[in-house]
Each structure stands twice: as C-alpha cells, then as structure tokens.
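In: test case, fold it:
(2 chains)
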Amino acid sequence: MESYFFTEDHQLFRQSFRDFLEKEVRPHIDEWEANRETPRHIYKRFGEMGFLGLPYPEVYGGSDLDVFYSVIYTEEMTRMNSGGFCTSIGAHSGLALAHINGEGNEAQKQKYLTAGLKGELIGCLAITEPGGGSDVASLRTTAKKEGDHYIINGSKTFISNGVLSDYIVAAVRTGEPGAKGISMMIIDRDTPGVSATKLEKLGWHASDTGEIAFDDVRVPVESLLGEENRGFFYIMQHFASERLAMALIGVSQAELAIDLALEYMAEREAFGRSINKFQALRHRIAQMSSEVMSTRVLVYSLYRRFGDGDYIIKEAAMAKLLGTQLSDRVCYECMRMFGGYGYMESYPMARLLRDSQLGTIGGGTSEVLCEIISKMIIDSKNYKAAV
Amino acid sequence: MNTYYFTEDHELFRQSFRAFLEKEAVPFIDQWEEDRRTPREIWKKMGDMGFLGLSYPEEYGGSGLDFFYDVVFNEELGRCNSGGFAITQQVVQYMSGPYILKFGSEKLKQKYLPGIISGDLISSIGITEPGAGSDAQNIQTKAIREGDHYIVNGAKTFITNAVYGDFIVTVVKTDPAAGAAGVSLLVIDQDAEGISRRKLKKLGWHCSDTAELHFDNVKVPVENLIGEEGRGFYYLMNGLQLERLCAVPAAVSGMEKAIEVSIQYMTERQAFGRPISKFQVLRHRIAQLAAEVESLKAFSYLCCKMFDDGQYDVKLCSMAKLLATELCEKVATQCLQFFGGYGFMESYPMARMYRDVRVGTIGGGSSEIMREILAKIIIDDVGYQSAGKGNGQPSKILKAASGAEKGSATATIEPSFDNLLAIMQKQAAKASPLGKTLQFNLEGQSIALDGRGEVNKVVAESIDADCTVDVSMQDLSALISGKLNPMSAFMSGKIKVDGDMGVAMKLQELFS
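Out: This next block holds a predicted model:
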C-alpha cells in the first residue's frame, strides 16, 4: 500500500528522521512533559537539520519538498508519544509559519520565515478567544488604525506556544462585524501591552498553552499579514492543511496505540498463555487495525489531492472528523488491553490517551466539522479558495 | 478522487451502463423481488450490450478490459438497491467464472465462458454445505473417480443461482481422507441426473434464487475437473479475494445512494414547520455517515487499484470486506430512521436495503472470519493466511504432514546457503520465466530471482523484489526436494510471503 504514496526517497527520509528522533528527542520527552514545556534548543536542532522547513521554499531556508515528506514528518513525530512536543514544534512550523509563508510580504518572510526555519525565532497562531473558538467570524479582539499603527485590544486563549514564542500571528478585527472584518497581524512578543499566562491542561504536557492579553498594543501597519479584512479566508484556507494534519495525527496515534498494545499483549500472560491468544482481544485488534488502515488510506489519498492543488474543504473536514474520533476510541481500547498498567504513567498508554483527547476539539470541533460537511452535502454550499 | 482511478472511457462506460440499468432493470425490480426470481432476459440483454465479461479475454467473447471497468460494473449494480439483482451476476462474473478462466482446461473454457459472457448461461459457486460454511476444508461432498467419471454425493446449501441456473462450480472432496489437500473443483451441470434442489426462503435478496442441493450419485465427466485434483483449496484461496473485493465497491455505491435518497426525502419532508433536513441532529448524522462512506471509498479504490496491478493483498481485501459490510448495516439502519414510518414501508427504498445488507457480514466469509484472518496476519505475523473460506487455522493434517516431511527432507538436500543457491540456479533456469522478481530471505542471507528476462536468473544478493519469501534453510531444502508443499508451507506459516502474491502463487511451478 505504501508504495502507492511513498517513493524510496521518502522512505529514506523516514529512516533518517526516525533515527534523529530516537537519538535526540525520545530520551528527553519524559523530562519535557514534566517541565510542561519543550525547550528552545530542540527547535534549533530541528532547524539545523532542516526539519522545520520541509514544505517551504528553498530561498528562505526550506527544502521545498512534496506533501508526503510532511506526512512522514507528522507520522514519525507522533510516534514519539508526546502530543505536547509535537504541538510545540507544529504550532510554530505548521501554523505560524504557514500563515507567514502564505500571506507574508517579502520583508516579513525574510524576517520571520528565515529565522523561523532555523529554529531561532518561534511563533504561535492565535485565533481562539475566551468567548469564541470555533466561531471564528465573531471574534472580538480589535485592531484600530491610528496613523502608522494599529492599536490592538482583546485576548486570545488556548494558544499553543502562547507563552514562550517570540511573536504571535493573531486574528484581529479591523473592519465590520462578521467574517469580512478580520485581519491577520504579526505581533512581536516584546511589544508593550502584550502579556500571557500559562494554562494547565489535561494532556499535551510538553507544550505551553497560553492565554494572551493585548492591552493597547501598538504595532506598525507593516505588521499586517496579507490584505486587510481577508483574514477569515486565509484562516479557512489554512484549515484544510491543518485538518489533514490532525487527521493524520489521529490515525498515527491510533496506529501507535495498536502497536504498543500488540507488543504488550505478546508479553503479558494470563491464565497460562499470552493474552494475544484470547479471541475476544484478537478480534478487537483486527477490527481496530482495519479502521485505522482504511482511514489512513483516506488521509493519504487526500494528501495526494492536496499536493496536486485540489481545494478539499469537505474531505479534509471528513478526514479530521474520522481520524480524531478513531484515535480517541482506539487509544481507549488499547489502554484497556494493558489492564492496570494502562493507567500507570510508567507505561505509554496513559499519556497517549490524554493527548489524543484534544483531537476532536482543536482545529474545529467534531460538531463544527459536521456543520461544514452537512452544509456542503445537504445545502449544496460551496466554499471557494481565497486566492 | 475519481480522476486517480478512472479514465474518461470508464466514465462513458458508467453512463451507458447506468442508463441501461435505469431503463431495463430498475423499473422491473419490484416485480422481480415479488416473483422471487430475476428473468434471464435481462442477462441476455446485458450480454448483447457487451456489459458482461468485461475483463474476460476476447477469445471467449469478453472485452479484455481493466479491473476498473469491473469496479464501475459493481458500483452501478450497487446503486440499483437490490442485493438480489446484483448478486446474480456478481456470482457469475466474479465468484464462479474466474475459476474456469484461471484454472480450467481450454475445453472447459470453450464450453462455459462464452455462455456466461453472452448472458445465456448462469452459474453458481457451490462451497457451503449444511454442516460446513466458513470452514471449507471440512466439506463432506465427495467426488469419487470411477473410470471417466466422478461420482458425486453430498449436499450444498445457500447456493445463489442454483435453482434456475445452468451449472455449478462445486467444491468437492476427491480425497476424503486428505483434508484441505483433498479438495477439488468440479463443474457440474444443473441438469445432471441425481441432482435435486429446494428453493430457500430468505430474509432479503428476494429476486435472487438460493438453493439447497443434493447430489445423489451424480455422474460428472472427469474433464469437468477444474485444474488439478487436490488443488481446489488453493484455487479457492486465490479466488475468494476477488469475491471479497467485488463486494466493496457495490457496498460503497449502495451506501452513497442511500444517503442521496435520504437527503432528498429530508428536504421534502416537513415537521414542526420546516423540512427535517434543517434539524441539526439529523444533519450531523448525515455528515458522519457521509464521512465514513467517503473514507471507505478511498480505501476501496486503493484495494482495487492494487488488485488491478496484480497484487493480492489478503490483509487489505479482508479489511475492506469487513468494514464495508459492517458500515452497510449502520448506514441502512440510520438512513431508514430518517424516513420515519415510511422507512418501514415497502413503497420506499430503505426497507429493502435494510434487509438486503444483512447478509453482507455473513456471506463470503463472515465478519468473524475476517477478523480471525486479520488477527492471524496482524498478531501472529502469518504472511498469507487466506485459508479460502477456511477458519484461518492451518489444517491439522497439513501441519502433521509437513512436520514429518521436515525430518526426511534434510536427508536429501543439505540445507546450506551455497548448496541451496546452486540448486536454485539450476532449477530456476529450467522453469519458465516468472515475469517478475522474487527474493528468498534465508536466515539473514538472500537469494534473488529475476524472472523478467528469457530465463530466470538467480543471484546471491538482496534486491527490491516484487515478492519476498522468508523461509528457513531447512524448510527451503524441504520445498526444493518436494518434501514440503508450498501451499502447506503457507498454511502452516513456515514461509512468510510479502508483496505480490501472484508471484508466490507460482512457487509450486518453480519447485515442481
């Protein structure tokens, strides 16, 4: 099956990236989880190795590689079993930099993308607010133009890298209420009036998640990313790739859960034989493996279309819906294969289970995805590309 | 997604086949369901239009087309919302005909294939017996050779097309003592003396006929044997993948159709002052179902693509069959619910779909059998475990036999790498070219066979082969010396095969 999507070069990349992660990441994950943050030096190591810029243009230090390199990247990252670590790196390279690469002007790219791909300047993407998450169009943080500056007031929450990042790519209201009055703004962390507090959360322990407040924050008009009042469409545009990535993470988590469970089941004995001989458990593994395989093929097929330039709003929503639901279910079932050990932190399932939980919430909840899908297939609504 | 798998020609074929079905079949299906049979004329019309035998060779009247025409064929049948209608030709084209095409003698092919492609002949596949369904190696129907004939005695049940059809590809024991190795396939004409039949009443699939058959000293000419005696189990193992795979595109299109008609109904039906398509709970249910169907469709197409490329992936086919048939249940139940009381009425489409999909998780290997096969592959790392309709367990007889062979085999061939390499080189040069590459992984060392040229070339190195076989030196010695049968070796897990199963299927030839 893999050969329909991956070349030999892809697989070589997989091997070398895996080796890197095993050596430089795996041994430190527990510590980062305990510290509730991913240290800066690992971003730099990723930058040095070229792992932050796989899909980005070479001129800014990226590698300009096809989407299946990013697929491998995400799969291997997920196998580290730390949603927090993956998110820390991903919020920077996959979210903040995606907006800068997509809509930034040359000066912005030179500044943020170049240093970002080296792992020297770390970003975050701030959309959700305390009063509005999935309902992006009604966000309330304002940016009022005064001469050469925008004055920003409001707050953002649940922002990955929200405390430690160097700058914030924020969605703000520059115009009328609704979707047509939103712009994207780059806000440097050290601008007066920016403050952040760290949030405690169920999982994703190795990532710092922040609530950010903007109190009369003055940023130069050059901070505007792309065109004024086009922000909503940019966000929607990037959602397709974010959702595909989250679908892939879900599938990879589920696959990891099954692999870990199989390993345990082969070793663990009960009633005189290894528990992988018990038919009820075997059939559960067979069922889950089938669902994971099928969803994985869906995600790969969509990545291929995405890479070929298809605008796949509906399908990306479907994939994210299924991939994250699957992850929750499979991680739960596989945790149960471990019996009491599944509940212990010294075994991998507890973390996998709690880290999986954000999948059906972030990047558009399952309910919001169902809204989008049902609008498209019942009401024949069409979403068009922004550019 | 379609552009990755279908050409414009496929789509043109789809249009014309759909138009044909809408004109010639769909308006009459209610009546056929009522009659509990589908008249032969429709198959004859299909044959006349060239819609049958799509991938069969032209010399037998077929069209020699690629597998995605078959995918279209199955998808369009699936949209007719009559499992009974669809299954009739699925059995003929994909579940019984291929055994004759792939393994039958020229004479058998000449006799039967043109008829099933023209729509004149209707065939059945006779595997299940009253006492053995999924466990095919334990079938009891015997075919004992007497001169130029086999004398067949026994019974088969749940046989589609066997009330009104013309012949049955019948699974029999030609060596009742030999377990799986005693299984053979015989073509038995329905009008042969000694066959009696009873039409079975069933929950769904109303317009298809399903029979229980009794064979009482039925004389079958030996020329009706498909392939070789004792190889039937191996043929089944090969053919069942296609059977399972074909069920998938038909299931996907059936579910798509169910969602389509549900949305249509929901936009028309009013409740509490607005169309029920406005109720969020129902909308989200549609979204969820549509997503699951879309996902399965992507999976289905990839499996079909692999099959089209000549790769038999038992694991993926079994997964696809399992998921598709289980999802059909869910979609049928939930879509029926959208229709409220009308869902329960025969004048609306969901009642039929609901009863017709119920057989999906049972026929062609039940869901439990699929999970059994998958568990073996995934948990026990058995390379190829499609024990036909078997229960996935290696036959006890085979196990015992191959165990005994192992000891004696070592006496004849020294299981050293150099010796095996030398023998392989000699033997492979004699065999006809494989057409593909094959690699044996022998306890850390590799022997590669390149059969793409005029002769098979054998070298002691590792290549990126179409198919790899992991085997111990001792077992390979036994295979080469003929003491261990490649099929038994598969079944018992002595050799593990990865990649193109088509190549692995030729192992027997290589070692004979």
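
In: pLDDT at the closest residue to A:A96 other than its chain neighbours, what is it?
Out: If the residues on either side of it in the chain are set aside, A:A96 comes closest to A:G123, at 3.0 Å by CB to CB, 6 or more residues apart in numbering or on different chains. For every residue, glycine as well, the C-beta is placed using N, CA and C. Model confidence at A:G123, given as pLDDT, is 98.

In: OK, contacts around residue 245?
Out: Just going to use chain A. Listed by CB atoms under 8 Å, 6 or more residues apart in numbering or on different chains, the contact partners of A:A245 are A:S70, A:T74, A:G90, A:G94.

In: not what I meant, chain B
Out: Contacts of B:L245 were listed using CB under 8 Å, 6+ apart, and they are B:C303, B:C304, B:F307, B:C317, B:A320, B:K321.

In: B:N456 now?
Out: The contact partners of B:N456, by CB under 8 Å, 6+ apart, come to B:A428, B:A429, B:A431, B:P433, B:L434, B:L449, B:D450, B:L510.

In: show me just the buried residues among these.
Out: With neighbours counted using 16 or more other CB atoms under 10 Å in any protein chain shown, those contain these buried positions: B:A428, B:A431, B:L434, B:L449, B:D450, B:L510.

In: from those residues, which is closest to A:Q15?
Out: Here the nearest of the buried ones among the contacts of B:N456 to A:Q15, counting by CB to CB, is B:D450; it sits at 25.6 Å.

In: show me the chain divided up by domain.
Out: Because you didn't say which chain, this covers chain A. Following the assignment in automatic domain parsing, chain A carries domains at A:2-122, A:124-228, A:232-378.

In: my question was about chain B
Out: For chain B, the structural domains run B:2-121, B:234-379, B:396-511, going by automatic domain parsing.

In: from the buried ones among the contacts of B:N456, which is closest to B:E414?
Out: Relative to B:E414, the closest of those is B:A428; by CB to CB it sits at 18.5 Å.

In: bridged to the residue lying closest to A:V194 once chain neighbours are set aside, which residues?
Out: The shortest distance from A:V194 to any residue that is not its chain neighbour, by CB to CB, 6+ apart, is 5.6 Å, and that residue is A:V217. Counting by DSSP bridges, A:V217 is bridged to A:I152.

In: list the contacts of A:V217.
Out: Residues in contact with A:V217, defined by CB under 8 Å, 6+ apart, are A:I151, A:I152, A:N153, A:I187, A:T191, A:P192, A:G193, A:V194.

In: try it again at 6 Å.
Out: In this structure, A:V217 makes contact with A:I152, A:T191, A:G193, A:V194, judged by CB atoms under 6 Å, 6 or more residues apart in numbering or on different chains.

In: between the contacts of B:N456, which is nearest chain A?
Out: The shortest approach to chain A among the contacts of B:N456 belongs to B:D450, at 18.4 Å (CB to the nearest CB).

In: biggest helix in the chain, by residue count?
Out: I went with chain A, as the question did not name one. Of all the segments assigned as helix in chain A under DSSP state H, the longest by residue count is helix A:231-267.

In: actually chain B
Out: As assigned by DSSP H, the longest helix anywhere in chain B is helix B:232-268.

In: how about it: buried residues?
Out: Taking 16+ other CB under 10 Å as the neighbour-count basis, helix B:232-268 is seen to contain the buried residues B:232-259, B:261-263, B:265-266.

In: list phi and psi for A:A196.
Out: Backbone dihedrals for A:A196, given as degrees, to the nearest 10, come out at phi -150, psi 140.

In: what bridges to it?
Out: Beta-bridge partners for A:A196, by DSSP bridges, are A:I212.

In: which residues touch A:F232?
Out: With contacts defined as CB under 6 Å, 6+ apart, A:F232 is in contact with A:A179, A:I182.

In: distance check, it against chain B.
Out: Plainly put, A:F232 is 22 Å away from chain B if you go by CB to the nearest CB, to the nearest Å.

In: repeat for A:F17
Out: For A:F17, the distance to chain B (CB to the nearest CB) stands at 21 Å.

In: next one: A:E48
Out: Summarising the geometry, the distance separating A:E48 from chain B, computed by CB to the nearest CB, is 32 Å.

In: what stretches of the stretch 251-400 of chain B score poorly on pLDDT?
Out: Applying pLDDT under 70 to the stretch 251-400 of chain B flags the ranges B:382-400.

In: write out the residues of it neighbouring chain A.
Out: Residues of the stretch 251-400 of chain B that fall close to chain A, judged by CB under 6 Å from any CB of the partner chain: B:263, B:277, B:283-284, B:286-287, B:290-291, B:294-295, B:298-299, B:302, B:319, B:322-323, B:371, B:374-375, B:378-379.

In: try it again at 8 Å.
Out: For the stretch 251-400 of chain B, the residues in contact with chain A under the definition CB under 8 Å from any CB of the partner chain are B:259, B:263, B:266-267, B:277, B:280, B:283-284, B:286-288, B:290-292, B:294-296, B:298-299, B:301-302, B:305-306, B:313, B:315-316, B:318-320, B:322-323, B:368, B:370-372, B:374-375, B:378-379.

In: show me what contacts A:Y112?
Out: Taking CB under 8 Å, 6+ apart, we find A:Y112 in contact with A:A96, A:L97, A:I100, A:G104, A:L121, A:G123, A:Y167, A:I186.

In: thinking again about what came up before, which among the domains of chain A is found nearest to B:P349?
Out: For B:P349, the closest of the domains of chain A is domain A:232-378, at 18.5 Å, according to CB to CB.

In: now do the end-to-end distance for the closest one.
Out: By CA to CA, to the nearest Å, the extent of domain A:232-378 from end to end equals 23 Å.

In: same question for stretch B:68-87.
Out: 18 Å.

In: which parts of the stretch 101-250 of chain B are helices?
Out: Using DSSP state H, counting those that start in this stretch, the helices assigned to the stretch 101-250 of chain B run over residues B:106-118, B:232-268.

In: count of residues packed around A:A107?
Out: Using other CB atoms under 10 Å in any protein chain shown, the number of residues around A:A107 comes to 9.

In: doesn't it belong to a helix?
Out: Yes - secondary structure of A:A107 (DSSP: H, G, I helix; E, B strand; the rest coil): part of a helix.
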